[in-house]
Each structure stands twice: as C-alpha cells, then as structure tokens.
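K.L.:
the sequence isn't on hand, but the structure is:
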C-alpha cells in the first residue's frame, strides 16, 4: 500500500484557505457522524435510486463531506492535502471552491448513471437504509440502492486538474511495506492511478451494472475526467504572482 505525502510544487506563500478548510470540515463532519445517535449515513449519503426518482438532491452536496470510516477519511484527506493546495494557489480560492464542488457533483452523477443504467430497478427487493424493507446480511445489494459518500470524487477532479497543470511535478510517495518514500513523476503516478480506477470500474459493470463492491469507481473516473476537462479552462485563470518550481524537490 502506498500514499502520496508531498510534491515538488511551491505555492509561493499563498495560503490555500479553502483546501485546508475542506479538510477541517470533513474531519468535523466525521466526528459528528460517529458521535451522533442515528444513522447519518442513510440520511445524508447520496442514494442513486433516490436521485433518479427526484428525491434527496441535497445529498449530492452533503455526501461529499461524509466518510464511512477513519481510514476512508484519512486516505482522502491525505490526497486532498497533497494535491489541492497547488490548484487553489494557481486559480484562486473562489474559483477553487466552485471547481471542487462541481467536481464532486459531476463525480456523483457519473456514479449514479453507471449504477442505475443497466440495473433492473424493478427487481430490487430490499433497501439498505429502509426500516420496513432492510437487506438481510449476506444479501447481494445493487449499487443503485447503496448509499454513496466520501470526498474522493471531488478529490479525483483535483487530481485530474493537477495532472494537466503540473505534468512535470514529482509526487513523494510513501510505500508502507518498505517504510520508505520515493519521488514519482506526477504523470506516472496519476496515470497509473487512473488506469487502475478505469479497469476496476469496467470490471464492476455486469449485466445488472454492478453489485456494489463498496467503492464508487465511476465517481473516481468521472471526477478525474471532469478535472482534466475543467483544467483546460482553469489554466486561463493562472495567478501570475504565484511561484512554481517544477524542478525542486520539496518534502
């Protein structure tokens, strides 16, 4: 297992207020999740079949700030910490705020589309969040009715934009099994990451468009593609007073 822990970009003293605020908000929301009675996941996660029915649109926003476990949260926040500050420094805080949320929405729509387009919704016999018709332990549950939550779709958009804006950057990667860190070209790291997501996403597509594996692969894919496309537009808003160094290793 490996994680990005830094990169070679220098933000020139720019304070990425929005990026760090998102990290704080995500942590606070998770603390609220684990300390509040009741199932907040079912209340505030995006459930594809509900969105298709025109219900719970607010969950497209709330689900971006929720996580299923401490490891889910820590992993996402680590990626956000490494990649988001440089994007914010390059385009400014207001535009980054809009971009991040838009990326999260687009990622959610991608997940909703692929989790419902091939599913036999009429054959769904249980709902994980239903009190009257819950799913029994061991039941195969369609991704169409599984609660979707996490910041990874929005963060994937950040990663896509990062690849476009900083293709020569080096990513400092911690390899846990070796207890060592290495610098890897951003193009290689993010390219391999996307290919892995794409293969996993394709593998999740079956006759019924996926029995949920617990990972919203198409949210990751959709977010990343959105980031690449949006990055082309966002490059026109580059802040000229930001100092970037592609050739200096910074931990």
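P.N.:
Nice, I can see it. This structure is a prediction, so every number in the text was calculated from the model and none was measured. Residues are numbered from 1 along each chain as shown.

K.L.:
and residue 54, its phi and psi?
P.N.:
Per-residue torsions, residue 54: phi 90, psi 20 (degrees, to the nearest 10).

K.L.:
over to the one 3 residues further on?
P.N.:
In this entry, residue 57 is assigned phi and psi values of phi -60, psi -30 (degrees, to the nearest 10).

K.L.:
in the chain, mark out all the helices, start to finish.
P.N.:
Using DSSP state H, the helices of the chain run over 17-35, 40-44, 48-52, 59-62, 70-91, 93-116, 152-165, 186-203, 217-234.

K.L.:
those: which one's closest to residue 173?
P.N.:
helix 186-203 (6.6 Å; CB to CB). Quick note: C-beta positions are derived from backbone N, CA and C, even for glycine.

K.L.:
tell me the angle the closest one makes with helix 152-165.
P.N.:
Orientation of helix 186-203 against helix 152-165 (axes from the mean of the first three to the mean of the last three CA atoms, to 10 degrees) gives an angle of 140 degrees.

K.L.:
so what does helix 186-203 touch, helix or strand wise?
P.N.:
helix 152-165, strand 170-175, helix 217-234 (3 or more CB pairs under 8 Å, 6 or more residues apart in numbering; DSSP states H and E).

K.L.:
so which bits of the last one are buried?
P.N.:
Within helix 217-234, the residues that count as buried by 16 or more other CB atoms under 10 Å are 217-228, 230-231, 234.

K.L.:
how close does residue 109 sit to residue 32?
P.N.:
From residue 109 across to residue 32, the span is 26 Å (CB to CB, to the nearest Å).

K.L.:
those two: which has the busier surroundings?
P.N.:
residue 109 (19 against 12; other CB atoms under 10 Å).

K.L.:
quick check, central residue of this structure?
P.N.:
The centroid of the chain falls nearest to residue 152 when counting by CA atoms, centre = their mean (1.4 Å).

K.L.:
that residue is in contact with residue 218, isn't it?
P.N.:
No. Contact criterion CB atoms under 8 Å: residue 152 and residue 218 do not qualify, at 11.4 Å.

K.L.:
mind checking pLDDT for the residue nearest to residue 14 when sequence neighbours are not counted?
P.N.:
Among residues not flanking residue 14 along the chain, residue 89 sits closest, at 4.0 Å (CB to CB, 6 or more residues apart in numbering). The model reports residue 89 with a pLDDT of 92.

K.L.:
what of residue 164?
P.N.:
Per the predicted model, pLDDT is 93 at residue 164.

K.L.:
could you measure it against residue 80, distance?
P.N.:
Relative to residue 80, and taking CB to CB, residue 164 is found at 18 Å.

K.L.:
format the helices and strands packed on helix 186-203 as a markdown table; extra columns: distance to residue 22.
P.N.:
Shown next, in a markdown table, are the helices and strands packed on helix 186-203 (distance: least, CB to CB, whole Å):
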| stretch | distance to residue 22 |
| --- | --- |
| helix 152-165 | 8 |
| strand 170-175 | 20 |
| helix 217-234 | 14 |
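
K.L.:
compare these and give me the one nearest residue 199.
P.N.:
helix 217-234 (9.0 Å).
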